[in-house]
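> After the sequence you'll find the predicted model.
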Amino acid sequence: MAFVNLKNKEVQAKIVYYGPGRGGKTTNLEYVYSKFRERIKSDMVSIKTHGDRTLFFDFLPFEIGKIMGYDVRVQLYTVPGQVKYNATRRLVLKGVDGMVFVADSMVNQREKNLVSLKNLQENLAIYKKSIFKIPLVLQYNKRDLEKEGSPLMSLEQMGKDLNSQLKVPAFGASALAGDNVIPTLKKIISLTMASLQKVLK
């Protein structure tokens, strides 16, 4: 649940990037961080966990208006993708307001995407949150690898695998090139804002 700071007249919303290991969660945040450096009030903090890491920083997004006269500060987090760090993932999800699920478009990662999405559903349930109700955007990452001849799943196939029940906004993207990284972020911020507006009324 968003943290309301009465003194600073600010609502802090927490958005978490989730998905399989090496799928592009960190690359998304690094791109956002470099693009909006002047709006980011904190350093990017990276917590390394043997070959994987959790990243977070907070920033004041642009032109998203206010909630009940309060400014909105968004905290962006990634979770470690590897299965063995599930306890860390759960910890990062505590108090989450919105989710971006970053799926890997490579054909050989299909199973990992499915396992990771199911894991997200289970971990949200621990906090009594439903994957069907929380603001959520899917990102089908690594679309740029097609040019290099890597076998990728089609966007239709990925939609069928991951979004046939959820029916949430989805973007084909390349976090490395920055394609659709910002539209993904804007979409999850607007969904999260709309959801918080309802709760905080």
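Yes, it's here.
> so I15 bridges to which residues?
L76, G98 (DSSP bridges).
> Run a quick neighbour tally on it.
Neighbour count of I15, defined by other C-beta atoms under 10 Å: 21. All C-beta spots, glycine's among them, are computed from the backbone N, C-alpha and C.
> for it, what are its contacts?
Neighbour list for I15: 74-77, 96-100, 188-189, 192 [criterion: C-beta atoms under 8 Å, 6 or more residues apart in numbering].
> To what extent is the closest residue to S130 other than its chain neighbours buried, counted in neighbours?
Residue nearest to S130 in three dimensions, not counting chain neighbours: L124, with 6.8 Å by C-beta to C-beta, 6 or more residues apart in numbering. The burial count assigned to L124 is 22, neighbours taken as other C-beta under 10 Å.
> Does L117 lie in a helix or a strand, and which?
helix 110-126 (DSSP states H and E).
> who does the helix or strand following that helix touch, helix- and strand-wise?
Next in sequence after helix 110-126, counting helices and strands by DSSP H and E, comes strand 136-141. The contact analysis (3 or more C-beta pairs under 8 Å, 6 or more residues apart in numbering; DSSP states H and E) places strand 136-141 against helix 25-35, strand 98-104, helix 155-163, strand 170-172, helix 181-200.
> starting at the chain centroid, how far to the first one?
Here helix 25-35 shows a centroid-to-chain-centroid distance of 11 Å under the convention C-alpha atoms, centre = their mean, to the nearest Å.
> Next, the angle strand 98-104 makes with it.
Angle, helix 25-35 to strand 98-104, by axes from the mean of the first three to the mean of the last three C-alpha atoms, to 10 degrees: 120 degrees.
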